[in-house]
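A.B. asks: Need the 3D shape of this:
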Amino acid sequence: MEANAKEHLYRLVDQIPEGEVHAARRYLEYLGERGDPFIKSLMEAPEEDDELSEEGQHLLDEGDEDLRAGRTHTLEEIKQELGI
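C.D. replies: Sure, this is the predicted structure:
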């Protein structure tokens, strides 16, 4: 039965209009990922709704300020400084 079902899918794929091939591929990839236990557990995991601590919010704000002020370094600069 499984082989017949897949053969039918192959025939259906051959009938997909050229303009819909990309969408069909994305949907089949989505279905394949849903079968992966790890991906499935991630997709079904509850969203975290913990609030940031005061310190956590302060650190995020500080980082935003640094970005706006241009106080950043490239990866190459950091590697050079660390001798990597």
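A.B. asks: Could you grab the helix/strand/coil label for residue 9?
C.D. replies: When classified by DSSP: H, G, I helix; E, B strand; the rest coil, residue 9 comes out as helix.
A.B. asks: what about stretch 68-81, distance to the chain center?
C.D. replies: From the chain centre to the centre of stretch 68-81 is a distance of 26 Å (C-alpha atoms, centre = their mean, to the nearest Å).
A.B. asks: Now it: buried residues?
C.D. replies: Neighbour-count burial for stretch 68-81, counted by 16 or more other C-beta atoms under 10 Å, picks out no residue. In this view, the C-beta of every residue, glycine as well, is placed from N, C-alpha and C.
A.B. asks: Where is the longest helix in this protein?
C.D. replies: If you go by DSSP state H, the chain has its longest helix at helix 54-69.
A.B. asks: Break the chain into its domains for me.
C.D. replies: As assigned by automatic domain parsing, the chain contains the domains 2-44, 54-84.
A.B. asks: So, low pLDDT: which residues of this protein?
C.D. replies: Within the chain, the stretches with pLDDT under 70 are 1.
A.B. asks: related to what we said a few turns ago, for the longest helix of the chain, output the C-alpha coordinates as CSV.
C.D. replies: Taking Å, rounded to 0.1, in the frame of the first residue of the first chain, the C-alpha atoms of helix 54-69 are listed here in CSV:
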residue,chain,number,x,y,z
GLU,A,54,15.4,44.2,35.8
GLU,A,55,19.1,43.3,35.3
GLY,A,56,18.4,41.5,32.0
GLN,A,57,16.4,44.5,30.7
HIS,A,58,19.2,46.8,31.7
LEU,A,59,21.7,44.7,29.8
LEU,A,60,19.6,44.7,26.7
ASP,A,61,19.1,48.5,26.9
GLU,A,62,22.9,48.9,27.4
GLY,A,63,23.5,46.8,24.3
ASP,A,64,21.0,48.9,22.3
GLU,A,65,22.8,52.1,23.4
ASP,A,66,26.2,50.7,22.3
LEU,A,67,24.8,49.7,18.9
ARG,A,68,23.3,53.2,18.3
ALA,A,69,26.5,54.9,19.5
